[in-house]
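**Student:** All I have is the shape, not the residue letters:
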């Protein structure tokens, strides 16, 4: 089936369809993801959003976050009247204070995710320059001194940080609060900030974190995917549509398992020859749909869509390695601990890890932006995965499932090494044992 495409760009709300959801449903979806990812507790955290009329929808007080329903969400009308089955969150005063201080803020997420609470109780601010994407999404991080929860004074303190221009704030001995232009924007800022905090903490368990300069962050921000011309005719045969659906399943699975966050992660699959399908830029990874995936054919992109910032790299890999049929680039927190410290990731932990990954090397930040020669010269049949320092992990494979399996094995191995570091020095599988594995399995 070939279709003439009318060139039309999509807004974020078009892409997510989130603008069509009632505020109650948006809030329930967001809090469910936060709770199921272990980023808040049954009683902890609250979310609100302001609709186009000025009414504020907010999570209720003392209701289980693990079983919240749309009917439980409270509404505080613009005139101050309250509607709903319960009481608004006890933290509602600081939500109100933020909305008053920053008219551009239309959604707020507050929770007690473990890594950010760790920063709050040692009274430090995570440096988002640990990973370019974290700085890009979160911006600079503010700090609010401790005040009694639910008090007007706490609202004033937090609002002061937002007035200064911060959209993400560490609350002293409490947690974090972030704002956004809509709930999708606030959620991805919250998720990226916790990822940033975990990466720093995990990195400190195995080495000393190294941070990017502002110039290096700008290298990331200056990447563009729009240099591809648009194709006029788009072919959507059944095998192409099947790959779109598979990419979406893998992306959403990665999000659920904490291997990808909503604002970062690229998955691609070879379609025919050097043509491939790839995730788009600026689409919330949790909510990606088959129609969001971008077809790249004959060096041109599907009209009205912008492929990932890393599309040129994916294309270069497919052209160089005909045996590679899928690529995942993402930021699993345990692997990123190695990526931000320069600590060697020794996969000789258990037989499965070495068989799946063999030896993984790290390349310096910037290798993903230039001519890709370091990446193309380092990948091989015997080296399917690479770490890109302070950026991501790149994993390749014959099928998407194989590539995802390798990603999982790599992250589990990194977690085992990181956790084992508190017990003692790792004793790797010996060269003789590796050679026996090579003879039997490769």
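**Tutor:** Great, that's in hand. Because the structure is predicted, anything quoted here is derived from the model rather than measured. Numbers count the residues shown, from 1 in each chain.

**Student:** ranges for the helices of the stretch 251-400 of the chain?
**Tutor:** Counting by DSSP state H, counting those that start in this stretch, one finds helices in the stretch 251-400 of the chain at the ranges 311-320, 333-341, 351-357, 373-378, 400-420.

**Student:** Please identify the most buried of those helices.
**Tutor:** Neighbour counts (mean count of other C-beta atoms under 10 Å) averaged over each of the helices of the stretch 251-400 of the chain peak at helix 333-341, with a mean of 26. In this view, the C-beta of every residue, glycine as well, is placed from N, C-alpha and C.

**Student:** contacting residues around that one?
**Tutor:** With contact meaning C-beta atoms under 8 Å, 6 or more residues apart in numbering, helix 333-341 is reached by 130-131, 195, 198-200, 202-203, 205-211, 258, 343-345, 362, 387-393, 410-411, 414-415, 418.

**Student:** same deal with stretch 429-440?
**Tutor:** Contacts of stretch 429-440 (C-beta under 8 Å, 6+ apart): 348, 349, 350, 351, 354, 355.

**Student:** Neighbours of residue 239, how many?
**Tutor:** By other C-beta atoms under 10 Å, the residues close to residue 239 number 9.

**Student:** do the same with residue 286
**Tutor:** Using other C-beta under 10 Å, residue 286 has 21 other residues around it.

**Student:** Tell me where the stretch 51-200 of the chain has helices.
**Tutor:** Listed in chain order, the helices of the stretch 51-200 of the chain (DSSP H, counting those that start in this stretch) span 92-101, 114-122, 132-138, 152-163, 183-206.

**Student:** Beyond the longest one, next helix or strand please.
**Tutor:** Spelled out, that is helix 183-206. helix 214-221 (DSSP states H and E).

**Student:** Just the buried residues of that next one, please?
**Tutor:** Across helix 214-221, burial judged by 16 or more other C-beta atoms under 10 Å covers 216, 217, 219, 220.

**Student:** same for it, what does it pack against?
**Tutor:** Applying 3 or more C-beta pairs under 8 Å, 6 or more residues apart in numbering; DSSP states H and E, one finds that helix 214-221 contacts helix 132-138.

**Student:** just checking, what packs against the helix it packs on?
**Tutor:** Using 3+ C-beta pairs under 8 Å, 6+ apart as the test, helix 132-138 ends up in contact with helix 183-206, helix 214-221.

**Student:** Which SSE is immediately downstream of the worst-scoring helix or strand of the chain on mean pLDDT?
**Tutor:** Every helix and strand of the chain was ranked by mean pLDDT, DSSP states H and E. The lowest is helix 12-16, at a mean of 37. Downstream of helix 12-16, the first helix or strand assigned by DSSP H and E is helix 23-36.

**Student:** ok now that next one, how far from the chain's centre?
**Tutor:** Its chain's C-alpha centre and that of helix 23-36 lie 17 Å apart, by C-alpha atoms, centre = their mean, to the nearest Å.

**Student:** Over to stretch 304-323?
**Tutor:** For stretch 304-323, the separation from the chain centroid amounts to 20 Å (computed by C-alpha atoms, centre = their mean).

**Student:** and what of stretch 189-198?
**Tutor:** On C-alpha atoms, centre = their mean, the centre of stretch 189-198 falls 8 Å from that of its chain.

**Student:** got the contact list for it?
**Tutor:** Stretch 189-198 is contacted by residues 34, 39, 109, 111, 113, 115-116, 118-119, 126-128, 130-131, 133-134, 137-138, 141, 167-168, 176, 178-180, 261-264, 331, 333 when judged by C-beta under 8 Å, 6+ apart.

**Student:** The residues you listed, buried ones only, as a PyMOL selection?
**Tutor:** Here is the PyMOL command that selects the buried residues among these (16+ other C-beta under 10 Å):
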select buried, resi 34+39+109+111+113+115+116+119+126+127+128+130+131+133+134+137+138+141+167+168+176+178+179+180+261+262+263+264+331+333
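
**Student:** For residue 312, list the residues it contacts.
**Tutor:** Taking C-beta under 8 Å, 6+ apart as the criterion, residue 312 is in contact with residue 372.

**Student:** Check the gap between residue 95 and residue 243 for me.
**Tutor:** Using C-beta to C-beta, to the nearest Å, residue 95 is found at 42 Å from residue 243.

**Student:** Between those two, tell me which one has more neighbours.
**Tutor:** Neighbour count, other C-beta under 10 Å: between residue 95 and residue 243, residue 95 has more, with 28 against 22.

**Student:** which of the helices and strands packed on helix 132-138 sits most buried?
**Tutor:** It is helix 183-206: most buried of the helices and strands packed on helix 132-138 by mean count of other C-beta under 10 Å, with a mean of 24.

**Student:** Distance from the chain centre to it, please.
**Tutor:** 9 Å.

**Student:** same check, this time on stretch 118-138
**Tutor:** That offset, for stretch 118-138, works out to 14 Å (C-alpha atoms, centre = their mean).

**Student:** ditto for stretch 176-187
**Tutor:** Offset of stretch 176-187 from its chain centre (C-alpha atoms, centre = their mean): 14 Å.

**Student:** what's the answer for stretch 136-144, then?
**Tutor:** Worked out by C-alpha atoms, centre = their mean, stretch 136-144 lies 16 Å from the chain centre.
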